[in-house]
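Student: Just need the structure, nothing else, for what follows:
(chains A and B)
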Amino acid sequence: MKNFQSLSEIRSEIADGKLSVSLLVKHYLKQIEDMNGRLNAFLSVYADEALRQSHSIDRKIKNGTAGKLAGMVVGIKDVFAYKDHRLQCASNILQGFQSQYTATSIQRLINEDAIIIGHQNCDEFAMGSSNENSAFGPAKNPINEEHVPGGSSGGSAVAVASDMCQVSIGSDTGGSVRQPAAFCGTIGLKPTYSRISRHGLAAYASSFDTVGILGKTVEDIALVLEVMSGADEYDSTVSQQPVPRFTEALKNNKYKVAYLSETLEHPSLNYEIKDQLNDVLEDLKSDGHQVAEAHISMLDYLLPTYYVLTAAEASSNLSRYDGVRYGVRNEGGNLESMYKKTRSKNLGVEVKRRIMTGTFVLSASYYDAYYTKAQRVRRMIRDETISILEQYDFIISPTTPTTAFKIGEMKEDPMQMYLEDLYTVQANVTGIPAISIPIGFDNQGLPIGVQLMSKSFNEADLLDISKQIITFKDQKR
Amino acid sequence: MSTEAYSEYQLVVGLEIHIQLSTESKLFTAESTAYGQPPNTNVSVITLAHPGIMPKLNKKAVEYAIRMGLACGCDISRYCIFDRKNYFYPDSPKGFQTTQDRTPICIGGVVPVNLKDGEEVNVKLNRIHLEEDAGKSIHDEHSDESFIDLNRAGVPLIELVTEPTIHSADEAMAFMTEIRRMVRYLEICDGNMEQGSLRCDANISVRKKSDTELGKKVEVKNMNSIRNVGRAIKHEFKRQINLVEEGKPIITETRLYDANTGTTFSMRTKEELNDYRYFPEPDLSPFEVTEDWLNEIRLSMPATPRQLRSRFVEEYGLSVYDTEVLTSEKEVAAFFEEVCEKTTHYKQVANWVMGPIKSILNEQEGDEITIPIAPEQLSELVEAVENKKINSSLAGKQVFPYLVNNTNKTVSDAISELKIDISGQDDISDIILEVLGAFPEKVKAYQNGKKNLMGMFMGEVMKKTEGAANPQKANELLRDALDKKEKEE
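Tutor: Numbering: from 1, shown residues only, chains lettered A, B, ... in the order given. As a prediction, the model looks like this:
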C-alpha cells in the first residue's frame, strides 16, 4: 500500500471505494510488524482494538456519521494517559502502571473517530534530545539506523517518518517535538503554551510543557490542532481563546520574516544547515515575502534559563514517583530507605541529574541566585522575543544546530547534548508557537529542518507560511 | 521556685490554627470531603496524584477563606497565586503540598477577645492562607506496617497565623473559643477539635519582662481541645522558666502535648528542618478576587458573634453579660432571635434561654447542639406568663418540662392536659384576700365558730370573679386563707 501523505488523500480513496479504514489499520500494523523490531518506535501496539474500531468507523463513514478524524491513525507518546492502557513515560519506575483516565487531548481525537494505534518510545519523562534515555532502549532514525531520531518524542517522529501511523502526538517542553521532526524529516508543531489542555500529559516542566503534533503535511497538523485545542474543565491553565478553523488558514498570504543573525553566526551551527536556511530565505524573498535581519541579545541565556527552570519544576513534578501508591517499589526496611532505593534504582541517569539540579536551584541558599534570577531572565527573553514579533510576523532559524548524530555519540557529554536545544527552547521559554518543517538533507542524506516562530495564538499564519515553504521546496525538486 | 520568680517572666505565644473548610468537595478536585468514610474511598486519580493530573480550584473554598478574612478585618489579596511546598511523606501524594506562601489570601487583621474578668484584648493576626490538607498516616494498626488513608488529602484548610502577642493561657483559650465560635457562625467549619476540623499549634517562648528580644520558641502540637491548649501553654511556661532559672538552654523544637500527663515531650528538633523549596504552582493560574466578587461575599455573609452581640444590646436592650451568654453558641443565638420575632418580652426570653434551656444544653453530649424546645412554644410560654394566664412557677415547673417532652404541643395543650386551672390561683388568692379584708368582723365571727359564713364569703368571691372561679377550688382556697389568717393572729 502506498504511503498516504494526508488524511484528505485517505478519505478520497475511501470515498472512491479503493480503501477502507480497516485496510489502512492493517497496513500500519504490517508496517509496525516489519520495522518496529529495528526502529523501536512503538512500546505497545493496540492491534485488536484498532482493528475493531476500524470496522465501526468504516460503518460510520458509510452512514455519513463519521467524525472529522475518521481514517486518521494516530500514535501517542508514552507520556499520555489513555484509560486502561499502560503508561510508563519510558521509565522503569512506572513499570506495570495502567492509566485510569484519558488525557483531554487524546479523548478529543477519539471523539472525532481517530484510532489510537499504540504508545510510542521517548526519552524517560520526556527528558532528552536523542531518545537514548528510554528504559526501553533508543528508537532509531529510519533514514539511518545508526543515528538517533532525536528526542524526546523520538518514537513519535520515527513512526510518522516510516509510515507506521499518519500522525503522532508528542510533547514539547524545550524542542521535543520539533527536534526529532527535523532529525527524521517530518513536520513538528509546538502550539502556543496553553493552547491544548495538559490534563493527562505526564508533567515534566509544567510552565513549559506543550502538547505537540508530528505529521507529514501541514493540512493534517492543522486539522489535529483544531480538534485538540481549546478550553478544558480539567486544566485551569488552558487558554480560553477561541480556536480558529486552522484548516481554513492556508491562505497564501505574504509575510515579514526575520532571521536572527546571532543564531546563524552561532559557532555550533553546521554549515550545511546554514546554507540551506539561506536558500530558504532567498526563496521567501523571490516569493514576495519580506526577509530582514533582526537581533537577539539573550541567545546565550536561553539554555541556562531553560535548564534551571525546567529542572526546578521537574524536581517537584517527579516527586510523586515515590513507590508509595503505584509503580515500582523497592522495599528498604524503613520509609526513607524505601524512597531512596525506589527512586535510585528505577529512575534513569538524566532524570536524576535534572531532579538533583532542580532541587539544588530551589534550595534556600541558592534560590535567589538561580531560580529567581532565571525567572527574571525568562521575562526579559519573553519581552525581547515579543518585541521582535511586533515588527515581524515570524522569526526563522534552523531547528537544530546539527543533523541527527550517531547513537552513543553524545551520551557522555550532557552539555553538548543540551546544545541541541539551542534554537528550540526560545519558544518554550516565551510560550509562543513554533514549527519545524523539513527543507532538505545534508551530505549524508540526513534531514534538515527549519524552524518558524510566531506570536502567541497565531498558529494559523505559522501553518500558512509552512505550507508555502514546503510547496516551493516540492516545486524545486 | 517562688511565684515571684514566675512573675518576672512574660509569656509570649503565637498560634497557628488550621481550620478545615466545610466545602462539599476538595480544594482542587471534585471528590467528597465527608468525615468518617471508609479509608481511601474519597480518592480520585487527582488525589492519588496519578501521572498527568491537574488541579482545579474550588471557588467555594476561596469564598470561605475570604469570609473569615472579612470577619477578622484582614486585607483581602486581590491577586493570589498558590505555591508548592515540597516534601516527601506517604500521606502527601504529590510529594508537595499546594499552599500559599508569598500571597496569602488574607493579610493582617485583629480579633477582639473578651477575657473572664471582662477585659477586652486585641489579638493581632499575621495572615490567613489557603492550603490543602494531607492524608492520614496510621502507625498503630500493625506492628511493622503503616497504613495511609488519603480521604483527607486535598481537603481545603485555611491556616490562621497570629502575631506573637498573646501573653496568657487564658487569652489563648479565649481567642481559640472566639475563633471556634466565628467559624461556626460563618458556616465555614464545624469547629470540631476532636475530629480535627479545627487544630491548633502554639509557638511558645518566655522572656524576662525587662527583655526586648523574644526568647527561643518551642512549637507545641497535638492539643485537641481548647482546655488542652490552655494546659499546654501553662505547662510550657513553667517548663521554660525552670530551664532559664537553672541556666539551661531552651531548644528550638517541636513538642507534642500529652493530654494524659498534661505535659509536653520533644518530637523533633528544628535543626533537622526541611527545606521546603517553595515555588509558584505552575499548574494553577493565578486567581483574582474582583471587587464584585468581594462585595457578593460580604453581602451574603452570615453575621459574626461580635456583630450579633452589638445587635442584641441595641435591638433587645440586653446587658453585655446576657449577650455574651446568648451568643456563645450559634444555634442558641439563632434560637433567641427567632423567639424574639414572635414576642417583645426580650429579657424574659433571654432569661428562659440562659436558665432552663442552657442547663439542658449543658447536659447534652457531643458537639451537636439541639435546642430542646420550639421557638413558638417558648414565645407562647413567655406571653402566657406575661399575660398572667399562668404564674411563673407553674410555667417553669410544669409547662416548660411538658413542652420539652412534647415539642409539637402548644401551651394550651399543656394547660388542658396538665389540668391547669387557667383562671389562675394567684388572681383568686388576691380576690379572696380582698374579700376577707373587706369583712373583718365576719372573719372573726367565722373564726369564732360561725362556719356557715362560708357561703357568704363564697358569694362575694364569685361576684368579684364574675363567676369565673372554680367553686370547688375557690372553696378550698378560701378555707385555707381563713385558717392561715387564724394562725397569723
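Student: Near residue 121, how many other residues are there?
Tutor: Assuming you mean chain A. Residues near residue A:121, counting by other CB atoms under 10 Å in any protein chain shown, number 32. Every residue, glycine included, has its C-beta placed from N, CA and C.
Student: oops, chain B please
Tutor: Neighbours of residue B:121 (other CB under 10 Å): 17.
Student: Roughly how far does it sit from chain A?
Tutor: According to CB to the nearest CB, to the nearest Å, residue B:121 and chain A sit 36 Å apart.
Student: can you tell me how far that residue sits from residue B:449?
Tutor: Going from residue B:121 to residue B:449 by CB to CB, to the nearest Å gives 75 Å.
Student: again, but for residue A:405
Tutor: Taking CB to CB, one finds residue A:405 at 137 Å from residue B:449.
Student: Remind me which helix or strand residue 170 belongs to.
Tutor: You didn't say which chain, so I picked chain A. Here residue A:170, judged by DSSP states H and E, is contained in strand A:167-172.
Student: that's the wrong chain, I wanted chain B
Tutor: Counting by DSSP H and E, residue B:170 is part of helix B:169-185.
Student: what helices or strands is whichever helix or strand comes after that helix leaning on?
Tutor: Once the chain leaves helix B:169-185, the next helix or strand it forms, by DSSP H and E, is strand B:198-208. Judged by 3 or more CB pairs under 8 Å, 6 or more residues apart in numbering or on different chains; DSSP states H and E, the packing partners of strand B:198-208 are strand B:9-20, helix B:169-185, strand B:218-223, helix B:226-245.
Student: any chance of those in TSV, plus mean neighbour count, mean pLDDT and distance to chain A?
Tutor: Shown next, in TSV, are those (neighbours: other CB atoms under 10 Å in any protein chain shown; pLDDT from 0 to 100; distance: least, CB to the nearest CB, whole Å):
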stretch	mean neighbour count	mean pLDDT	distance to chain A
strand B:9-20	21	97	21
helix B:169-185	22	95	27
strand B:218-223	20	92	19
helix B:226-245	19	95	28
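Student: Relative to residue B:251, which of these is closest?
Tutor: Among the helices and strands packed on strand B:198-208, the nearest to residue B:251 by CB to CB is strand B:218-223 (7.6 Å).
Student: and the residue of the stretch 301-450 of chain B found nearest chain A, what does it touch?
Tutor: When scored by CB to the nearest CB, the stretch 301-450 of chain B has residue B:301 as its residue closest to chain A, at 25.7 Å. Residues in contact with residue B:301, defined by CB atoms under 8 Å, 6 or more residues apart in numbering or on different chains, are B:67, B:70, B:71, B:186.
Student: Quick check: the residue of the stretch 301-450 of chain A nearest chain B.
Tutor: Taking CB to the nearest CB, the stretch 301-450 of chain A has residue A:319 as its residue nearest chain B, at 2.4 Å.
Student: what about the nearest residue to that residue once chain neighbours are set aside, neighbour count?
Tutor: Nearest non-adjacent residue to residue A:319, counting by CB to CB, 6 or more residues apart in numbering or on different chains: residue B:95, 2.4 Å away. Look at residue B:95: counted by other CB under 10 Å, it has 21 neighbours.
Student: And residue B:95, how close does it get to residue A:316?
Tutor: For residue B:95, the distance to residue A:316 - CB to CB - is 7 Å.
Student: now residue A:192
Tutor: On the measure of CB to CB, residue A:192 and residue A:316 end up 24 Å apart.
Student: Mind checking what secondary structure the nearest residue to residue A:202 once chain neighbours are set aside has?
Tutor: Nearest-residue entry for residue A:202: residue B:51, 3.8 Å, with adjacent residues in sequence omitted and distances by CB to CB, 6+ apart. Here residue B:51 is coil, with the state taken from DSSP: H, G, I helix; E, B strand; the rest coil.
Student: Looking at residue B:452 now. What's its pLDDT?
Tutor: Here, the pLDDT recorded for residue B:452 equals 84.
Student: Identify the residues contacting the closest residue to residue A:347 other than its chain neighbours.
Tutor: Nearest residue to residue A:347, sequence neighbours excluded (CB to CB, 6+ apart): residue A:93, at 5.6 Å. By CB under 8 Å, 6+ apart, the contact list for residue A:93 reads A:321, A:323, A:327, A:328, A:342, A:343, A:346, A:347.
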